[in-house]
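In: Generate coordinates for the sequence data below:
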Amino acid sequence: MTSIIDLARCLGSPLLPGAGLQDLRESDDLLELAFRNRIELIYLSNLEQAGLLKRLRPQWEEYQQRCEKTLECIVRIATAMEDQQIPYAITKSLRPYPAIPNDTDLLYLGPLNDYPEALERFERAGFVLSHNGDMQAEFFDPRGGEAFNRDKRGGKFYIDFYRQLAADRVPYISSNVLRQHVITRNIGGTPVKVFDPIAEMTILYLHSVIMHRTIPLEVLWCSAYWLSGLDNDCLADFPIFIRNNRARTAAATVFGLMSELHREAYGQTPAVLTTLTSKVGLRQVELQEWRHNENAFPHVVRLSTFALALLEKMGEANSLKGFANQLLDMLHPSKAVEVMHHLLDKAQIQRHSTHV
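Out: Now for the predicted structure:
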């Protein structure tokens, strides 16, 4: 039976140069597991570089094309945002390695009162509004040449335009903070605004634990790539940023899983993870849950971890206000049932975060 340890050994870790890859092999089961964890292009690229990519070459070529089309869509988004003079940053979409997200997440960074006008201007730039909610609007880019599909299969042209980064009505990180962490990334010659690695990693941890209650390997490998490129000053700032933004529970969950997976797969824990867990901590109950589930990834976090991460965010006025609005919304029985079903039903949790 193919395990997550087998896959990790086929991926290698940028935090342990030279470790892993000794068991690299072409396998449908490994590709299926990699796809579920959103790291399929790392696995297939490793096979290609090692001269082992044969039977799975059609999938590699398909995913490569999807990656390129996703980047083209992101360039169109960035160009439109600049042309329309809308403050923004792309988040949870561009990885430090080739990847194919289900959609592109776009965060509005202007005055919140002007968000409706920003949506109208974005629509005038050629993007089709398909749904408008309290914290985000869903758009489709018809210039991709394919029809809109509600379940977002194939990714590429779907855009979530966020008013604030939030789990339903509860903001989980402040846009005021994030505005100070915008950097530019060059995509095909076009400057695209994104967040620096410290902010982006924190967003991923909070989004995974509070929004989805699910952590795929994607989160761990993004972190490994970004952490391997940080200088000492940034590494020292990272735990401070986590604590200041009340993301300690979420980060401790990820760091613990990263440390344990590295130990299991490669026989050693990277020094940077030892340092981070000493400053931020780790969630022993999540490690126990992971072992109980036979080291499975994506990892569904315990309800207690979700509750603790959410409680931690209640120390921020904006999150507390959003939580109060969420409770008022749940006075409607159907909404209450929907939210509780999403929180408690593991099958529903897994479906909500499925890679397509």
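
In: only C-alpha atoms for contact and neighbour calcs from this point on.
Out: OK.

In: so where's the stretch 1-150 of the chain shaky on pLDDT?
Out: In the prediction, the stretch 1-150 of the chain carries residues with pLDDT under 70 at positions 1, 150.

In: Please list all residues in contact with the residue nearest to residue 298 when sequence neighbours are not counted.
Out: Beyond its immediate neighbours in the sequence, the residue positioned closest to residue 298 (C-alpha to C-alpha, 6 or more residues apart in numbering) is residue 216, lying 4.0 Å away. By C-alpha atoms under 8 Å, 6 or more residues apart in numbering, the contact set of residue 216 is 36, 37, 38, 297, 298, 299.

In: Could you tell me how far residue 216 is located from residue 34?
Out: When distance is defined by C-alpha to C-alpha, to the nearest Å, residue 216 is 10 Å away from residue 34.

In: Same check on residue 189?
Out: Using C-alpha to C-alpha, we find residue 189 at a distance of 30 Å from residue 34.

In: More neighbours: the two, which one.
Out: It is residue 34, of residue 189 and residue 34, that has more neighbours when counted by other C-alpha atoms under 10 Å, with 24 against 8.

In: Which residue, other than its chain neighbours, is closest to that one?
Out: Residue nearest to residue 34 in three dimensions, not counting chain neighbours: residue 40, with 4.7 Å by C-alpha to C-alpha, 6+ apart.

In: Just give me the neighbour total for the one you found.
Out: By other C-alpha under 10 Å, the residues close to residue 40 number 23.

In: and it, what is it in contact with?
Out: Neighbour list for residue 40: 31, 34, 99 [criterion: C-alpha under 8 Å, 6+ apart].

In: was I right about residue 38 contacting residue 353?
Out: No - with contact taken as C-alpha atoms under 8 Å, residue 38 and residue 353 are classed as non-touching, separated by 10.6 Å.

In: list the helices and strands the lengthiest helix in the chain packs on?
Out: Secondary structure of the chain read by DSSP state H shows that its longest helix is helix 57-83. With contacts taken as 3 or more C-alpha pairs under 8 Å, 6 or more residues apart in numbering; DSSP states H and E, helix 57-83 sits against helix 40-49, strand 190-195.

In: in the first one, what's buried?
Out: Right, helix 40-49. The neighbour-count check on helix 40-49 (16 or more other C-alpha atoms under 10 Å) flags 40, 41, 42, 43, 44, 45, 46, 47, 48 as buried.

In: Including distance to residue 86, could the residues you listed go into a markdown table?
Out: Formatted as a markdown table, the entries for the buried residues of helix 40-49 read as follows, by distance: C-alpha to C-alpha, whole Å:
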| residue | distance to residue 86 |
| --- | --- |
| 40 | 33 |
| 41 | 32 |
| 42 | 34 |
| 43 | 37 |
| 44 | 37 |
| 45 | 36 |
| 46 | 39 |
| 47 | 41 |
| 48 | 40 |
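
In: so where do the strands sit in the stretch 51-200 of the chain?
Out: 88-91, 104-108, 128-132, 136-140, 158-162, 166-167, 170-171, 182-187, 190-195 (DSSP state E, counting those that start in this stretch).

In: orientation of the fifth one relative to strand 128-132 in degrees?
Out: Which is strand 158-162. Using axes from the mean of the first three to the mean of the last three C-alpha atoms, to 10 degrees, the direction of strand 158-162 lies 50 degrees away from that of strand 128-132.

In: Would you pull up how far strand 158-162 lies from the middle of the chain?
Out: For strand 158-162, the distance between its averaged C-alpha position and the chain's averaged C-alpha position is 14 Å (C-alpha atoms, centre = their mean, to the nearest Å).

In: quick check: angle from it to strand 136-140?
Out: Between strand 158-162 and strand 136-140, the angle formed by their directions is 160 degrees, by the same axes, to 10 degrees.

In: Now do the same contact list for residue 175.
Out: Under the criterion of C-alpha under 8 Å, 6+ apart, the contact list for residue 175 reads 109, 164, 165.

In: Out of the residues you listed, which is nearest to residue 221?
Out: Proximity to residue 221 was ranked across the contacts of residue 175 by C-alpha to C-alpha; first place goes to residue 165, at 22.0 Å.

In: so what pLDDT did that closest one get?
Out: Each residue has a pLDDT score; the one for residue 165 is 97.

In: Confirm for me that it is in contact with residue 172.
Out: Yes - with contact defined as C-alpha under 8 Å, residue 165 reaches residue 172; the gap is 6.3 Å.

In: ok, these two, which is more surrounded?
Out: Shown here are residue 165 and residue 172; by other C-alpha under 10 Å, residue 172 has more neighbours (28 against 25).

In: and the more buried one, what pLDDT?
Out: In the predicted model, residue 172 carries a pLDDT score of 97.

In: Include distance to residue 309 and mean neighbour count when you put the strands of the stretch 51-200 of the chain into TSV, please.
Out: As requested, the strands of the stretch 51-200 of the chain are exported to TSV (distance: least, C-alpha to C-alpha, whole Å; neighbours: other C-alpha atoms under 10 Å):
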stretch	distance to residue 309	mean neighbour count
strand 88-91	21	22
strand 104-108	22	24
strand 128-132	27	15
strand 136-140	22	22
strand 158-162	21	24
strand 166-167	12	21
strand 170-171	12	23
strand 182-187	25	14
strand 190-195	22	19
